[in-house]
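Colleague: Got a sequence here, can you build the structure:
(chains A and B)
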Amino acid sequence: MSISRRTFLGAGTVLTLGAQFPGSWTRHAAAQGSPGPIRLGFQVHRTGIGAVYGRWYERTTNAAVKLINGKGGIGGRPIEIVAEDDGTDPKRGAEVVEKLATQHKVDLIFGTLFSHVVIASAPRAGQLKIPYLVVSEGYHVASGKLNRYVFQPGITDVRAQVTAVAPWILKNLGKKVTMIFPDYAFGHDHRDFFSRVATSQGGTISALIPIPPTETSFTKYFPRVPADTEVLYHVMVGPGVLTFVKEMGEHYGSKRPKIFGFVDSLEGVDLASPGLAFLEGTYFWEAFPRYAAANTPAHVKTFRERVGVNDNGASVNDPKDVSTFSHMFGCWETLHVIKAVVEKSGYRKAGEYRGFIETLEGFQSFPEGLEHPQGAKKFNGKLHQVYGHQFISKVEKRRLDVVHRTAIEDSMYPPEGDYTKQPL
Amino acid sequence: MAFGPHLLLALMEGVVSASLLALTALGLSLVFGVMRIVNVAHGAFFMLGAIVTWYVADLSGSFWLALVAAPIAVGLVAILADRLVLRPIGYEPESTIVATIGLLYILEQVVLMTYGPYARPVAAPFYFRIDLGWFGYSGYKVIVAAAAALLLAVTWLALSRTTLGLYLRATQQDREIAQAFAVPVGRVYTIAFGVGGGLTAIAGALIVPVQQAHYLMGLDALLLSFIVVILGGLGSLRGTVVAALIVGLSDGVVSVLFSPTLAKIIATLAVAFVLGVRGRGLFGEEAA
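Modeller: Below you'll find the predicted structure:
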């Protein structure tokens, strides 16, 4: 059967009409209730290597929106989320920013995680002059290399994290460190800043082992770890993380160096998974402790309940569905920052961002509580970056127990940029 | 690590990846040889094998049951695809490529919608660590390499000794003459596609305890299978096995001793070289 020209045109017309209807409908609805909902574009990794993070970012976002809307929304306006998948793909990321801004006409955009997507999308947000609030961890925001419209107010950056934990590693685990990290922007931040901090404090880097982000087999990398290594520092992302950790265990057995990992290597992975027994007694950085403990504060318990996470950091509906607990709180906190800034600045409609941006740059701290369950934060308006506490946890009986919590000041470093000097 | 043990590790890695690769690529080679079509959804069958294994192992608690169920389930999916998609378009080469690309996306997205974006592990049916003094190695991986080699031998026997094997080979050599000798070519096509899918599903099932089931895991499998099939000669099973050994071993050795990126560069260059110098591959038939 061949498709006739008429069928083809017919299908095209239906598609075009279908695509236009929802748009005109929302415009109409928005025109009625003045000023209408505040529409937030959510750039989410629903597919691609970031999909596990994306799924939990979306659950956390929905929970936060439900909480805020239940309490009357932002300045009386309910939040409406316009989510758009970027496939964890840099090129598509920039297109998604454009689509959210020009087609959906959202008020602002938030939620991107993977650093290569952020780096590709941020310039487009700057050109379109729309605030872009990422939840990404990379140092790219604080480096001053992006633009005035890009902020990271809900999660700390890699440089802050390694600056805070490096002294503890050198003091408690050893001075000769071998680093294994993903071979792209996020991993390079680890490489550059941990090396810098460690060597300035009497440590040495025995070897640097970059791993391509799409790698699926890791056995071949471990022979490159020098024998005199005292501490193996690992950080890995993507679907291969469990294989990575398992193969590390197979390689070393019980004769292993001290191991310090970033929990990214285990985000979305059950610590009780087969082959992970060797992690017993190793240490992990966590941004937010995955396992609830006796001293877990009430607002953290409420946060867990609202998002739907049990005491082991897995979904309450499926104990095998483990969350990305050390990252997803960033969406929750970012949404509360947006609420605070919109209400304080009197922001009304898209395009009028001066007040929003200058007000956010004027914030200096956010208090611990249900709005900021991970802990109190300091905000640097010149760097557009937030700073907070970091946690070091030990694997014991197949769970992570916090052994050290750093002070906010431990993560501070000399600033390298100042966005407030850029014109709006 | 000293050079000796380092080389040993490199060879072990190489043998394991070569045997799994041979099993994965065998299905693609069979389908091309018999049906003369390029199945772009081949990697999706590999992935589907892994996903089915996870589901069955999770529900029943038995990896062995999953290992049996995965090729059957994926074989049935392949047979359905043959009947509903490939046959209606008459196995026309260009259309088949487009249709199987579509099939690839449909399978991936269905898995994403139902199974989700997770990389989920399946416990290996046995778990032991071989301690070689200088380094340790997964015992399961060694057994997997042996199992893959055994399956390759069984497939070869089935092709050379059974009536079905005879039909498959006859259809591969000359479809029309085979038909003239009462070989049910239509059914042979369906069976070839089903068996091709089933074989790669076994490879997917075997690898889950090492590598987790994830909806995008088929891409690497597809790419490497293509490299192996092109290198070995399209449609030649012997070529596929030899090429898998070459690619797997060189990948293992080069990536352990030098760098994984260099290993990929060499494999890609080898394909380009073979295509340039000997277009039909190492063991391919003369172009008709």
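Colleague: quick one, phi/psi of the closest residue to residue A:240 other than its chain neighbours?
Modeller: Closest residue to residue A:240 apart from its sequence neighbours, by CB to CB, 6 or more residues apart in numbering or on different chains: residue A:216 at 5.3 Å. For the C-beta atoms, the positions are set from N, CA and C on the backbone; glycine is no exception. Here is the backbone geometry of residue A:216 (degrees, to the nearest 10): phi -120, psi -10.
Colleague: what about the residue lying closest to residue A:415 once chain neighbours are set aside, neighbour count?
Modeller: Distance criterion CB to CB, 6+ apart; nearest residue to residue A:415, sequence neighbours excluded, is residue A:383 at 5.4 Å. Per other CB atoms under 10 Å in any protein chain shown, the neighbour tally for residue A:383 reads 23.
Colleague: Also residue B:278?
Modeller: 12.
Colleague: That one and chain A: what is the separation?
Modeller: In this view, residue B:278 and chain A are 30 Å apart by CB to the nearest CB, to the nearest Å.
Colleague: what about the helices in the stretch 151-288 of chain B?
Modeller: For the stretch 151-288 of chain B, applying DSSP state H, counting those that start in this stretch gives helices covering B:163-173, B:175-180, B:185-211, B:218-232, B:237-257, B:260-277.
Colleague: contacting residues around the residue nearest to residue A:415?
Modeller: Counting by CB atoms under 8 Å, 6 or more residues apart in numbering or on different chains, residue A:383 touches A:141, A:142, A:144, A:415, A:417, A:418, A:419.
Colleague: top of these by neighbour count?
Modeller: residue A:141 (29 neighbours).
Colleague: Would you check that it makes contact with residue A:154?
Modeller: No: if you go by CB atoms under 8 Å, residue A:141 and residue A:154 don't touch, sitting 11.2 Å apart.
Colleague: re the thing from before, and of the helices of the stretch 151-288 of chain B, who's closest to residue B:33?
Modeller: Closest to residue B:33 of those is helix B:163-173 (CB to CB; 4.7 Å).
Colleague: Specify the angle between that closest one and helix B:185-211 in degrees.
Modeller: 100 degrees (axes from the mean of the first three to the mean of the last three CA atoms, to 10 degrees).
Colleague: and the direction of helix B:163-173 versus that of helix B:237-257, what angle?
Modeller: Using the same axes, to 10 degrees: helix B:163-173 against helix B:237-257 is 90 degrees.
Colleague: for helix B:163-173, packing partners?
Modeller: For helix B:163-173, the helices and strands in contact under the criterion 3 or more CB pairs under 8 Å, 6 or more residues apart in numbering or on different chains; DSSP states H and E are helix B:3-35, helix B:139-161, helix B:175-180, helix B:185-211.
Colleague: what does the average pLDDT come to for the longest one?
Modeller: Over the span of helix B:3-35, the pLDDT mean works out to 88.
Colleague: what's the answer for stretch B:40-55, then?
Modeller: Stretch B:40-55 comes out with an average pLDDT of 95.
Colleague: Tell me which residues of it come out buried.
Modeller: Buried residues in stretch B:40-55, defined by neighbour count with 16 or more other CB atoms under 10 Å in any protein chain shown: B:40-55.
Colleague: Apart from its neighbours in sequence, what residue is nearest the residue in the stretch 51-200 of chain A positioned nearest to chain B?
Modeller: Taking CB to the nearest CB as the measure, the stretch 51-200 of chain A has residue A:51 as its residue closest to chain B, at 2.8 Å. If the residues on either side of it in the chain are set aside, residue A:51 comes closest to residue B:117, at 2.8 Å by CB to CB, 6+ apart.
Colleague: wait, what's in contact with that neighbour?
Modeller: A:46, A:47, A:51, A:52, A:54, A:55, B:214, B:215.
Colleague: how near is residue A:230 to residue A:255?
Modeller: Applying CB to CB, to the nearest Å, the value for residue A:230 to residue A:255 is 13 Å.
Colleague: Would you mind telling me which of the two has the busier surroundings?
Modeller: Higher neighbour count among residue A:230 and residue A:255: residue A:230, with 17 against 10, using other CB under 10 Å.
Colleague: what's that one in contact with, if anything?
Modeller: So residue A:230 contacts A:173, A:174, A:175, A:176, A:177, A:257, A:258 (CB under 8 Å, 6+ apart).
Colleague: Provide the backbone phi and psi angles at it.
Modeller: Per-residue torsions, residue A:230: phi -90, psi -40 (degrees, to the nearest 10).
Colleague: Ok, the one 5 residues further on next?
Modeller: According to degrees, to the nearest 10, the main-chain angles of residue A:235 amount to phi -150, psi 130.
Colleague: Next, count neighbours for residue B:65.
Modeller: Using other CB under 10 Å, residue B:65 is surrounded by 14 other residues.
Colleague: Could you pull up the contacting residues of residue A:310?
Modeller: Per CB under 8 Å, 6+ apart, neighbours of residue A:310: A:304, A:316, A:319.
Colleague: rerun at 6 Å
Modeller: Residue A:310 makes contacts with residue A:316, as judged by CB atoms under 6 Å, 6 or more residues apart in numbering or on different chains.
Colleague: Can you check what pLDDT the model gives it?
Modeller: 96.
Colleague: Ok, residue B:63 next?
Modeller: pLDDT, residue B:63: 91.
Colleague: Give me the nearest residue to it, chain neighbours excluded.
Modeller: residue B:125 (4.2 Å).
Colleague: What backbone torsions are found at that neighbour?
Modeller: Here the main-chain torsion angles of residue B:125 (degrees, to the nearest 10) amount to phi -60, psi -30.
Colleague: Could you check how many residues crowd around it?
Modeller: Neighbours around residue B:125, by other CB under 10 Å: 14.
Colleague: again with residue A:70
Modeller: Neighbour tally, residue A:70, other CB under 10 Å: 9.
Colleague: Give me the pLDDT value at it.
Modeller: With respect to pLDDT, residue A:70 scores 96.
Colleague: top of the contacts of residue A:230 by neighbour count?
Modeller: Greatest neighbour count in these, by other CB under 10 Å, goes to residue A:177: 27 neighbours.
Colleague: Am I right that that residue sits in a strand?
Modeller: Yes: per DSSP: H, G, I helix; E, B strand; the rest coil, residue A:177 lies within a strand segment.
Colleague: Now do the SS call for the residue in chain B that chain A sits nearest to.
Modeller: Of all residues in chain B, residue B:117 sits closest to chain A, at 2.8 Å by CB to the nearest CB. Secondary structure, three-state DSSP: residue B:117 is coil.
Colleague: Residue A:238 too?
Modeller: Here residue A:238 is coil, with the state taken from three-state DSSP.
Colleague: same deal with residue A:331?
Modeller: Here residue A:331 is recorded as helix under three-state DSSP.
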